[in-house]
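Asker: Here is my input; please provide its structure:
(one chain, ligands or ions: 1)
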Amino acid sequence: NELLLQVKEFAISSKEELENYRLQFVSKKGAIGELFEELKKLSKEEKQKVGKTLNELKQLAEARFSEWQEKLESSASKATLDIDFTLPPVPEKLGNQHPLTLTRNRIIEIFERLGFSVADGPEIEDDWHNFSALNFPENHPAREMQDTFFVEKKGQNGAEQDLLLRTHTSNVQVRLMKDQKPPIRAIMPGRVYRNEAISARAHCFFHQVEGLYVDKNVGFADLKQTLYHFAKEMYGQDTKIRFRPSFFPFTEPSAEIDISCLICKGKGCNVCKYSGWVEIAGSGMVHPNVLKNCGIDPEEYTGFAFGMGIERITMLRYQVNDLRLYSENDLRFLRQFSTVV
Ligand code: PHE
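Answerer: Residues are numbered from 1 along each chain as shown. Below you'll find the predicted structure:
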């Protein structure tokens, strides 16, 4: 009876007190549990009598325990729901766009307004699309202009495959010309790979935007004017542009494109190596052999193509002086681009 009173009057108002209560009464090692142990020593009749009272006591103690457990839990969950919904929210910090993404999007924007669509193609490519179709002769040293990563030649059922990581986005030109009929007017952004030692000025992967325009009567003047327009849109109306004769197997004639150095305005600086000009793209008129390889009649159609490096264009845009910064994921670098569009 005394125990019954204790069970009934034990003060519970917190989780700690509930735990004390449990240890004292509910647990097997508690006061009631002990009595059950002693019960074993009694005679049969006594066992029945005392056992009944003990069981009642035990049930009462357990009922009170679960009642309080519930009470305390529901008041705890009530406390966490006690939020003032009228308070202004804490703004969530969104990530920034990568500077290369910002530049790529800007390039796309400029060319889309000229009527170029956007296309893409595979980064793991076969030899034909990356080289042969583009008029690189078999075993010709021109293939070594671009230090290629070759992919192990193991095809299904032992067939040999000439796979490689594309060295330029020009493979997509080939795919477009094979799949579509002129007029074709597209830009093709993407990642490319070359086996080069990593330094401030070179990396084993980087990004290009390829451009292609094939139609009747496309001439070199169209190429010039398109890229001149691009340079002014990208870097400002004062930007000058210059074409230097060059060589690519897939264009004839070929030209490298320089823009006037924005950093020193022609006075001479590290970026332009004191020449006042920086190279931004390779370009030219699509070689008749390339058109033929892709099933387009060079007598009927002509075209121009260009390929520019997104890293280089971003360097000039934001005055970044080390290519490696783009892929190191240093937040101090990346966070600087949050507000630039
Ligand atoms: N594919 C060339 C390169 O990676 C660039 C280029 C593209 C040149 C299209 C001419 C025409 O260097």
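
Asker: lowest average confidence, helix or strand, in this structure?
Answerer: The weakest-scoring helix or strand in the chain, judged by mean pLDDT, DSSP states H and E, is helix 2-9 (a mean of 77).

Asker: tell me the contacts of L18?
Answerer: I12, F65, W68, Q69, L72 (Cβ atoms under 8 Å, 6 or more residues apart in numbering). C-beta coordinates here come from the backbone N, C-alpha and C atoms, glycine included.

Asker: Now do the SS call for it.
Answerer: helix (DSSP: H, G, I helix; E, B strand; the rest coil).

Asker: Just the buried ones among the contacts of L18, please.
Answerer: For the contacts of L18, a burial check counting by 16 or more other Cβ atoms under 10 Å picks out I12, F65, W68.

Asker: Just flag the most distant two among the contacts of L18.
Answerer: Farthest pair in the contacts of L18 (Cβ to Cβ) is F65 and L72. Separation: 10.8 Å.

Asker: Surely L164 touches R143?
Answerer: No. Applying Cβ atoms under 8 Å, one finds L164 not in contact with R143, separated by 10.2 Å.

Asker: K29: neighbour count?
Answerer: 10 (other Cβ atoms under 10 Å).

Asker: I'd like to know how far N329 sits from R106.
Answerer: Separation of N329 from R106 (Cβ to Cβ, to the nearest Å): 22 Å.

Asker: what about those two, which has more around it?
Answerer: Neighbour count, other Cβ under 10 Å: between N329 and R106, R106 has more, with 18 against 9.

Asker: if we can go back for a sec, rank the buried ones among the contacts of L18 by pLDDT and give me only the lowest.
Answerer: Confidence by pLDDT is poorest for I12 among those, given 78.

Asker: quick one, phi psi at that one?
Answerer: phi -120, psi 120 (degrees, to the nearest 10).

Asker: show me what contacts it?
Answerer: Here I12 is in contact with L18, Y21, R64, W68 (Cβ under 8 Å, 6+ apart).

Asker: 6 Å instead, please
Answerer: Residues near I12 by Cβ atoms under 6 Å, 6 or more residues apart in numbering: L18, Y21, W68.

Asker: Could you report the neighbour count for N321?
Answerer: The burial count for N321: 11, using other Cβ under 10 Å.

Asker: Please read off the pLDDT at it from the model.
Answerer: pLDDT, read off for N321, is 85.

Asker: Ramachandran angles for it?
Answerer: phi -110, psi 0.

Asker: Quick check: chain neighbours aside, which residue is closest to K58?
Answerer: Distances taken as Cβ to Cβ, 6 or more residues apart in numbering place I32 nearest to K58, at 5.3 Å, with adjacent residues excluded.

Asker: could you give the angle of whatever helix or strand the one you found lives in to helix 2-9?
Answerer: For I32, the element it lies in under DSSP states H and E is helix 31-39. Helix 31-39 runs at 160 degrees relative to helix 2-9, counting by axes from the mean of the first three to the mean of the last three Cα atoms, to 10 degrees.

Asker: Work out the gap between whichever helix or strand comes after helix 31-39 and the centre of the chain.
Answerer: Counting by DSSP H and E, the next helix or strand C-terminal to helix 31-39 is helix 44-80. Offset of helix 44-80 from its chain centre (Cα atoms, centre = their mean, to the nearest Å): 57 Å.

Asker: what's downstream of helix 44-80, the next helix or strand?
Answerer: As assigned by DSSP H and E, the chain's next helix or strand after helix 44-80 is helix 99-113.

Asker: Write out the residues of the chain neighbouring the ligand.
Answerer: H168, S170, E210, F248, T251, G282, S283, G284, A305, F306, G307 (Cβ under 6 Å from any ligand atom).

Asker: Report whether the expected contact of F111 with M188 is present.
Answerer: No. F111 is beyond contact range of M188, at 10.4 Å (criterion: Cβ atoms under 6 Å).

Asker: OK, contacts around E125?
Answerer: R166, N171.

Asker: mind checking the SS state of it?
Answerer: Taking three-state DSSP, the label given to E125 is strand.

Asker: Show the model's pLDDT score for it.
Answerer: pLDDT, E125: 94.

Asker: please renumber so the chain begins at 51
Answerer: In the new numbering, first residue 51, that becomes E175.

Asker: And it, how far from L164?
Answerer: E175 is 27 Å from L164, by Cβ to Cβ.

Asker: And S125, by the same measure?
Answerer: Separation of S125 from L164 (Cβ to Cβ): 67 Å.

Asker: which residue ranges form the strands in the stretch 201-350 of the chain?
Answerer: 213-215, 234-243, 255-265, 291-298, 301-310, 327-336 (DSSP state E, counting those that start in this stretch).

Asker: The longest one vs strand 327-336, what angle?
Answerer: Yep, that's strand 255-265 we're talking about. 40 degrees.

Asker: From the contact counts, what lies against strand 255-265?
Answerer: helix 220-229, strand 234-243, strand 352-359 (3 or more Cβ pairs under 6 Å, 6 or more residues apart in numbering; DSSP states H and E).

Asker: so where's the stretch 201-350 of the chain uncertain?
Answerer: 203-210 (pLDDT under 70).
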